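Student: Okay, sequence plus prediction incoming.
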Amino acid sequence: MEKWRIIILWFLLLQATTLIAQDPLSDQGWHLIIDDNFNIFNNSIWKKWDYKVHGSASDEEPQVYLNGNTYISNGNLVMELKREATDCPLSSGCYYNGEHMFSSGAVQSTTTFGYGYYEIYAKMDAAYKSWPAFWFWKSYSDNNTNNCWYNEIDVFEAYGNKPSFVESNVWYGFVCPITRLQLGITKHSCNYSASYHWYSIEWDYNKINWYVDHVLMRSIRNDVGNVGIHHSLFIIMNFALKPTNPSDLTNITYPHYMYVEEFRAFKLLYDCNTIVNEIPNFTSFDHKVKKSITLSSQTVLPSGSSESLRATDFVELKDGFEVPLGVSLYIDITPCVETLSNESQTENSY
Ligand SMILES: [Ca+2]
């Protein structure tokens, strides 16, 4: 009998994982903590990059990020990439002196965010060498105590001359001095310049999932470098140009825009010491992560419902438990682990 239960469980899990299309708004396990529609620029959530240059002396990006290139228009956060000769002296906080041919916009969250589900609804112009991105980042470096780490999750990076896909990646480093290593790029089909799309990550102790329009595109175990991405991170949206010979860009028409219509952040809630035996009423079930959940024929899924169950140890579906036609059931094993606490940040090492 035990074997039969296990087979049923695996069958259901397989169904759940092969049909993953997660919209956290309709999943009661995900609790909305921020919904920014960009009707105003919310200074408590975001700060604009100003007189900031990205890259290094060896891979300098052609644009200077300026405050004025990021603004709200028609319910969108707009980042404007334009041809504009801009001096960026060291005294302004730039890393190196010199005139840049372009200016652009970027925002960074004012605080860091840990495990959760995060997404933007965005559209980007396809411009030669343009490089819009939505990513999570933080690094820390203290050689004296041998405590160094680099965490970066790229929800997407897109390339102007290749508007049919976006890319995902993870960058990491865990030893002093920091050397960045990458998990590796995966391409996700998506006409990012033709229309708005949802770009999302689901990030917990065990895994990182990437979604485009709430359809699963990539899933990894969260153990890059045998450590994983476990620090709370800043969220960044920016419209860059790839490092290039300036003469490459002389014949390109500017400006170009990255539009972000909405940003959402969701958290799971935890009740990890509670053992659930049967759910008599899904309407009153709190959908927090439980220690374990065991269901049998006594538990009836409401017709037409879309339910999610999360537990730290196991979800057991015993003989007689049914998922009726037209009902979807999502099951996930999620440990009760929060992201690591904040360390003072080093802003200048990407
Ligand atoms: Ca909006």
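Tutor: In hand now; what should we look at? Residues are numbered from 1 along each chain as shown.
Student: anything in stretch 115-130 near the ion?
Tutor: No - applying CB under 5 Å from the ion, one finds stretch 115-130 out of contact with the ion, separated by at least 7.8 Å. The C-beta positions use only the backbone N, C-alpha and C, and glycine is treated the same way.
Student: next one: that stretch to chain centre, how far?
Tutor: Stretch 115-130 sits 10 Å away from the centroid of its parent chain (CA atoms, centre = their mean, to the nearest Å).
Student: now do stretch 206-217
Tutor: On CA atoms, centre = their mean, the centre of stretch 206-217 falls 9 Å from the chain's centre.
Student: cool, stretch 276-287 as well?
Tutor: 30 Å.
Student: How about the contacts made by the closest residue to the ion within the stretch 101-250 of the chain?
Tutor: Proximity of the stretch 101-250 of the chain to the ion (CB to the ion) peaks at Tyr121, 7.8 Å away. Applying CB atoms under 8 Å, 6 or more residues apart in numbering to Tyr121 gives the contacts 196-198, 260-262.
Student: Same check on Phe234?
Tutor: 108-109, 112-113, 136-138, 345.
Student: bridging residues for it?
Tutor: For Phe234, the beta-bridge partners are Trp137 (DSSP bridges).
Student: Test for you: state the pLDDT assigned to it.
Tutor: We have a pLDDT of 97 for Phe234.
Student: since we're on the nearest residue to Tyr65 once chain neighbours are set aside, how many residues are nearby?
Tutor: By the measure of CB to CB, 6 or more residues apart in numbering, the closest residue to Tyr65 outside its immediate chain neighbours is Trp49, 3.8 Å from it. Other residues near Trp49 number 22, with proximity taken as other CB atoms under 10 Å.
Student: Gly184 now?
Tutor: For Gly184, the neighbour count with other CB under 10 Å is 11.
Student: do the one 4 residues further on as well
Tutor: Number of residues near His188 (other CB under 10 Å) recorded here: 19.
Student: same question, Ile185
Tutor: Ile185, neighbours per other CB under 10 Å, totals 11.
Student: List the contacts of it.
Tutor: Ile185 neighbours (CB under 8 Å, 6+ apart): 167-169.
Student: could you pull out the helices for the stretch 51-200 of the chain?
Tutor: Under the criterion DSSP state H, counting those that start in this stretch, the stretch 51-200 of the chain carries no helices.
Student: Distance check, the residue in it that the ion sits nearest to against Phe174.
Tutor: Closest approach between the stretch 51-200 of the chain and the ion, counting by CB to the ion: Gly75, at 3.4 Å. Using CB to CB, to the nearest Å, Gly75 is found at 41 Å from Phe174.
Student: who has more neighbours, these two?
Tutor: Phe174 (17 against 12).
Student: Nearest spatial neighbour of whichever residue of the stretch 251-350 of the chain sits closest to the ion, chain-adjacent residues omitted?
Tutor: In the stretch 251-350 of the chain, the residue that lies nearest the ion is Glu261 (4.3 Å; CB to the ion). If the residues on either side of it in the chain are set aside, Glu261 comes closest to Tyr121, at 4.5 Å by CB to CB, 6+ apart.
Student: so what's the residue nearest the centre of the chain bridging to?
Tutor: Taking CA atoms, centre = their mean, the centroid of the chain lies closest to Ile201, which sits 3.8 Å from it. Taking DSSP bridges as the rule, Ile201 bridges to Tyr118, Trp210.
Student: which ones are touching it?
Tutor: With CB under 8 Å, 6+ apart, Ile201 has these contacts: 117-119, 136, 153, 155, 208-211.
Student: In these, find the pair that's most separated.
Tutor: Using CB to CB, the contacts of Ile201 span at most 14.7 Å, a distance reached by Phe136 and Tyr211.
Student: that older thread, tell me the one among the contacts of Phe234 nearest to His287.
Tutor: Of the contacts of Phe234, the one sitting nearest to His287 (CB to CB) turns out to be Phe113, at 20.9 Å.
Student: Cool, thanks, talk later.
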